[in-house]
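Peer 1: Okay, structure incoming, though there's no sequence with it:
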């Protein structure tokens, strides 16, 4: 890492296009003036970084994916400066169709005059599919270079057409060393040291939870205090009304936390599952999203080992919808505990995926004629329905006929586990297999 005092603390001209505002919020005043000044994204902006490589040639449209406060807007502004494009910023939350038309018309006029436009769209995942499609012709004809910013996984939130025309770059959550560098830059800009002792300074960085903007807002609060001496960790937490311990973790991103919750449930650890559930709720996660994911866990990892699990999750989700926060969150917690302690099976999930592969491999093969209906004379003459055995007419209610396409080797997709209710399903399956083999041996 370069020495702090060799790194500019901000743009020399506070009114330059970098977006800084004289006497504005500290986060604006410290906005870097050069790409190389951006903190914490060396994998993109280092000598071999993806963005550095792109800037050596043609800058494509981009999707910047990362948590809040890691420099998405700043990078977009600096990219516009670097390529000599007009920087235009909009938010998907506040921009409608009519405003978009004006943006595109202005960009088209600039292009006619030889001026490129870099359009930065904050929260781009908030646009619906039709709105996202509206960007495509303007990206393709060079009217705009799109730089979209999102905190949500683009694979889930952006449509395939937009994704195919833009490169996705992942920005990383700021580490403690990055936040410390940012704090030092703030001290230089403000001309004063933070009135904190060592442990309190560490706590302040932890409270920011990887968010540079949050850190600078906290620093502004702390710098406004009148303190006779260095403030300790306890006094800091009391004054900010935030417990540092809540932020004394790695603060993994949204999808890492849901992965931790899912794997804790799969691993039958209710305590760990409750911990990750609490982390997500405390972090502001939408409980409805958690309701959906918890239901998915029941289907994917418990399956038919406990068919009741799915209903428990549906009931918990419905209960939350009726009660809301915070009372309804307990229903989600109960569902998480139930799933963690339920017998586990992914046999149904694995069988479905295997069946999908089989369907792709034999997708054009028709069903055997004996299981086809024959509502017309022509279809009967073609042999539709001929030889079909009605299972209810069999003594044991099982005919053992073939239901796969003629000539297709019978596959095995569903292999139940010997746990929970699926143990009983396994016994039934074994009986059907044995009966089928007996009937086939008589043919």
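Peer 2: Right, received. Where do you want to start? Because the structure is a prediction, the values reported are computed rather than measured. Numbering: from 1, shown residues only.

Peer 1: Only C-alpha atoms from now on, for both contacts and neighbour counts.
Peer 2: Fine.

Peer 1: where does the stretch 151-300 of the chain dip in pLDDT?
Peer 2: Scanning the stretch 151-300 of the chain with the threshold set as pLDDT under 70 gives 241-254.

Peer 1: residue contacts, the one residue sitting closest to the centre of the chain?
Peer 2: By CA atoms, centre = their mean, the mean C-alpha position of the chain lies nearest to residue 153, the distance being 3.5 Å. Residue 153 makes contacts with residue 65, as judged by CA atoms under 8 Å, 6 or more residues apart in numbering.

Peer 1: could you measure residue 175 against residue 258, distance?
Peer 2: To residue 258, residue 175 is 21 Å away according to CA to CA, to the nearest Å.

Peer 1: Would you mind telling me which of these two has more residues around it?
Peer 2: residue 258 (21 against 18; other CA atoms under 10 Å).

Peer 1: could you pull out the helices for the stretch 51-200 of the chain?
Peer 2: Along the stretch 51-200 of the chain, the segments classed as helices by DSSP state H, counting those that start in this stretch run 72-83, 97-112, 129-133, 136-140, 154-157, 160-164, 176-190, 198-208.

Peer 1: Reformat those helices as a markdown table; add distance to residue 370 and mean neighbour count.
Peer 2: Shown next, in a markdown table, are the helices of the stretch 51-200 of the chain (distance: least, CA to CA, whole Å; neighbours: other CA atoms under 10 Å):
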| stretch | distance to residue 370 | mean neighbour count |
| --- | --- | --- |
| helix 72-83 | 61 | 21 |
| helix 97-112 | 55 | 14 |
| helix 129-133 | 44 | 15 |
| helix 136-140 | 50 | 14 |
| helix 154-157 | 43 | 13 |
| helix 160-164 | 42 | 14 |
| helix 176-190 | 69 | 18 |
| helix 198-208 | 68 | 21 |
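
Peer 1: of those helices, which approaches residue 235 most closely?
Peer 2: Closest approach to residue 235 among the helices of the stretch 51-200 of the chain (CA to CA): helix 198-208, 8.4 Å.

Peer 1: Pull the residues that contact the next helix or strand along the chain from the closest one.
Peer 2: Following helix 198-208 in sequence order, the next helix or strand is helix 212-223 (DSSP states H and E). Defining contact as CA under 8 Å, 6+ apart, one finds that helix 212-223 is touched by 25-27, 68-71, 174, 179, 182-183, 186, 194-195, 204-205, 207-208.

Peer 1: Make CSV out of the helices of the stretch 51-200 of the chain and add distance to residue 276.
Peer 2: As requested, the helices of the stretch 51-200 of the chain are arranged in CSV below (distance: least, CA to CA, whole Å):
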stretch, distance to residue 276
helix 72-83, 27
helix 97-112, 39
helix 129-133, 32
helix 136-140, 39
helix 154-157, 22
helix 160-164, 31
helix 176-190, 22
helix 198-208, 18
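
Peer 1: just so I know, which of these lies nearest residue 381?
Peer 2: Here helix 160-164 is closest among those (CA to CA), at 46.8 Å.

Peer 1: elements contacting that closest one?
Peer 2: The contact analysis (3 or more CA pairs under 8 Å, 6 or more residues apart in numbering; DSSP states H and E) places helix 160-164 against helix 129-133.

Peer 1: on contacts alone, who are the packing partners of the helix it packs on?
Peer 2: Secondary elements touching helix 129-133 (3+ CA pairs under 8 Å, 6+ apart): helix 160-164.

Peer 1: Just the strands from the protein, written as ranges.
Peer 2: Taking DSSP state E as the criterion, the chain carries its strands at 62-65, 86-91, 117-122, 145-150, 167-170.

Peer 1: The second one pairs with which strands, and in what direction?
Peer 2: When you say that, I think you mean strand 86-91. In the sheet, strand 86-91 lines up against strand 117-122 (parallel) (DSSP bridges).

Peer 1: and the partner strand with strand 145-150, angle?
Peer 2: 10 degrees (axes from the mean of the first three to the mean of the last three CA atoms, to 10 degrees).

Peer 1: Can you name the residues in contact with strand 117-122?
Peer 2: So strand 117-122 is contacted by 73, 76, 80, 85-92, 107, 110-111, 143-150 (CA under 8 Å, 6+ apart).

Peer 1: are any of those residues buried, and which?
Peer 2: Taking 16 or more other CA atoms under 10 Å as the criterion, what is buried in the contacts of strand 117-122 is 73, 76, 80, 85-92, 107, 110, 143-150.

Peer 1: give me phi/psi at the residue nearest to the centre of the chain?
Peer 2: Phi and psi for residue 153, reported as degrees, to the nearest 10, are phi -60, psi 120.

Peer 1: What distance do you get for it to residue 76?
Peer 2: For residue 153, the distance to residue 76 - CA to CA - is 19 Å.
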